[in-house]
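In: quick one, fold the following:
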Amino acid sequence: MTPVFHMITGAPDPVAPFSHAVESDGWIFVTGQMPFPVTATETSIDLAYPAGIEAQTHQVMKNLEIVLQGCGLDLSHVLSVRVFLLHFDADYDAMNAIYASWFPVGRRPARTCVGVNGLAKGALIEIDLVARRPA
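Out: Next comes the predicted model:
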């Protein structure tokens, strides 16, 4: 199957040369999303991030939902997630509390969470994921 390179209207503008998602054979690889706010009129990467890890985690999850919806999917199609935290020790518990609220118990995807020494434009968190279309 030829890959499909998705650029999603309404998702935050890319901070680098990449597609919002790439799809092949029913697998959707969603690029790591940053906590850029999305409003009815703006998706600019020049908008300030929300303050704090809780608000940034919520915004990243909202941005991931926008990309998935643009591909005709939702969070129930997510199989694997990678979380990148700038301040791992300080933000891990608070991030987990917010993250857990986005997935029902018993339907949470596989996940990796790592601490990093920098994220684009000074974000506290970035999350990417892999989803699969139903057969």
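
In: helices of this structure, start to end?
Out: Counting by DSSP state H, the segments of the chain that form helices are 53-70, 88-100.

In: dump the residue contacts of residue 23.
Out: Residues in contact with residue 23 (CB atoms under 8 Å, 6 or more residues apart in numbering) are 3, 4, 6, 29, 71, 133. Backbone N, C-alpha and C define where each C-beta goes, glycine included.

In: in JSON lines: the helices of the chain, plus distance to residue 120 and mean neighbour count.
Out: Shown next, in JSON lines, are the helices of the chain (distance: least, CB to CB, whole Å; neighbours: other CB atoms under 10 Å):
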{"stretch": "helix 53-70", "distance to residue 120": "12", "mean neighbour count": "21"}
{"stretch": "helix 88-100", "distance to residue 120": "17", "mean neighbour count": "15"}
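
In: what residue ranges in the chain score low on pLDDT?
Out: The chain contains residues with pLDDT under 70 at 40-44.

In: ok, residue 24 - contacts?
Out: Neighbours of residue 24 in contact, by CB under 8 Å, 6+ apart: 1, 2, 3, 4.

In: kindly recompute the last result at 6 Å.
Out: 1, 3 (CB atoms under 6 Å, 6 or more residues apart in numbering).

In: same check, this time on residue 57
Out: Contacts of residue 57 (CB under 6 Å, 6+ apart): 95, 98, 125.
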